[in-house]
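Chemist: Predicted model follows, preceded by the sequence.
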Amino acid sequence: MPAPESGVTIGRPDLGVLAYEHLGDAAANGFIADQVLPVFDTMKKDAQFPKIPREAFLKVPNTRRAARGSYNRSDWGFDMDNFNCEEDGWEEVIDDSEAALYSRFFDAEVVATMRAMNILQRAREKRVADAVFNATTWTPVSVTNEWDDAANATPLADVDAGKKVIRNKTGLLPNTLIISYATFLDLGRSAEVLNRIKYTNPAVQAGEIPVALLAQYFGVGQVLVGGAIMDATAKGKSLATATDLWNKEYAMLCYISNSGDLLAPSLGRTFLWTEDSPEMINVETYRDETVRGDVVRVRHSTDEKILHVACGYLMDNITT
């Protein structure tokens with residue numbers, strides 16, 4: 001493995017591969033930021049970019065061409081928006097004495113990379129969750145019966161109401177429902193949900209409904225379950241209970257585009273400044289003699305941005 005020189009930063013693609021293997025399991029571990037706000041690579045740290053105005057989504061222009069005539073073209077003006085990528089990162093120190101002590105049990109560089117990676121990943125997840133479950137960006141629509149009211153909840157009617165709103169505003173049918181892990185468990189015990197699927201899937205038991213069946217029940221392409229948690233207590237305080245990064249009081253119905261076309265309507269994007277951070281996770285090491293150890297750093301430069309508010313429908317009062 002490369003031996004860091006004091007003060008010289010070395011890129012570590014070998015450790016980066018391990019980090020990306022970990023990212024591949026992100027959704028299974030409750031991290032859904034990459035799916036909610038898909039990554040868009042940019043060579044610029046900050047810039048303006050054109051955005052299709054909402055009113056242009058539904059226009060029906062004249063497409064008829066006369067003989068020897070020219071074709072009509074798009075002539076609407078674009079809305080201008082901007083992004084500004086900011087750097088986030090974390091370092092872990094591998095003390096020489098600790099590395100020697102534990103060398104026969106584990107690779108200290110690998111462990112340090114995973115620790116730093118988890119912190120960076122959790123911080124980004126929180127930024128995305130805060131942007132999407134945001135009662136300032138959207139005016140939430142309160143559901144009548146909370147979804148943890150197993151006997152009376154009507155989640156399908158709540159979601160169908162949102163479909164109509166998004167379709168009327170954009171012409172798009174929403175393809176994604178974003179919920180917390182607590183809400184996922186509640187839906188698995190909902191009498192309405194169970195009654196809808198028990199005839200076609202008799203083996204499914206309360207509390208054990210697969211995510212794919214929930215997506216089928218709601219008539220969306222995917223249900224994203226935010227299961228990541230955090231310690232919200234102040235530094236130095238004992239952890240009383242972990243807190244969900246995705247607030248169980250909210251559910252977001254939305255349209256998400258994975259197209260590489262930035263002009264395609266979508267809830268939002270994660271802009272990644274590739275000149276500074278070519279990959280979503282960049283791993284580097286350097287030597288720090290002041291602590292007699294090697295330092296592992298993970299970092300990226302991003303801007304997690306909501307693009308089309310009309311592509312989202314935020315519900316609240318989801319939990320009692």
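Modeler: Arrived safely. Numbers count the residues shown, from 1 in each chain.

Chemist: Run through the residues that contact the closest residue to Leu263 other than its chain neighbours.
Modeler: Nearest residue to Leu263 in three dimensions, chain neighbours excluded: Ile52, at 5.5 Å (CB to CB, 6 or more residues apart in numbering). Any C-beta I mention is one placed from the backbone N, CA and C, and that applies to glycine too. Taking CB atoms under 8 Å, 6 or more residues apart in numbering as the contact definition, Ile52 lies against Phe78, Asp79, Leu263, Pro265.

Chemist: quick one: pLDDT of Ile52?
Modeler: Turning to Ile52, the model gives it a pLDDT of 76.

Chemist: Could you report the distance from it to Arg12?
Modeler: Computed with CB to CB, to the nearest Å, the distance linking Ile52 and Arg12 is 40 Å.

Chemist: and if you look at Lys44?
Modeler: With CB to CB as the criterion, Lys44 and Arg12 are 26 Å apart.

Chemist: and the two? which has more neighbours close in?
Modeler: Just comparing Lys44 and Arg12: by other CB atoms under 10 Å the higher neighbour count belongs to Arg12, 22 against 14.

Chemist: So which residues of the stretch 101-250 of the chain form helices?
Modeler: Ranges of helices in the stretch 101-250 of the chain, per DSSP state H, counting those that start in this stretch, are 108-132, 155-170, 181-187, 191-197, 211-218.

Chemist: Select, out of those helices, the one closest to Val296.
Modeler: Of all these, the one in closest proximity to Val296, counting by CB to CB, is helix 108-132 (4.2 Å).

Chemist: mean confidence for that closest one?
Modeler: Per-region confidence: helix 108-132 scores 92 on mean pLDDT.

Chemist: other SSEs contacting that helix?
Modeler: helix 13-24, helix 33-36, strand 86-95, strand 268-273, strand 293-306 (3 or more CB pairs under 8 Å, 6 or more residues apart in numbering; DSSP states H and E).

Chemist: Tell me which strands the last one pairs with, and in which orientation.
Modeler: This points to strand 293-306. When pairs are called by DSSP bridges, strand 293-306 turns out to pair with strand 86-95 (antiparallel), strand 268-273 (antiparallel), strand 282-288 (antiparallel).

Chemist: which one is Pro13 nearest to, not counting chain neighbours?
Modeler: Using CB to CB, 6+ apart, the closest residue to Pro13 is Val283 (7.6 Å).

Chemist: Can you report how many residues lie near that neighbour?
Modeler: Burial measure for Val283: 25 neighbouring residues, criterion other CB under 10 Å.

Chemist: Would you mind measuring the gap between the ends of stretch 151-160?
Modeler: With CA to CA, to the nearest Å as the measure, the first residue of stretch 151-160 is 19 Å from its last.
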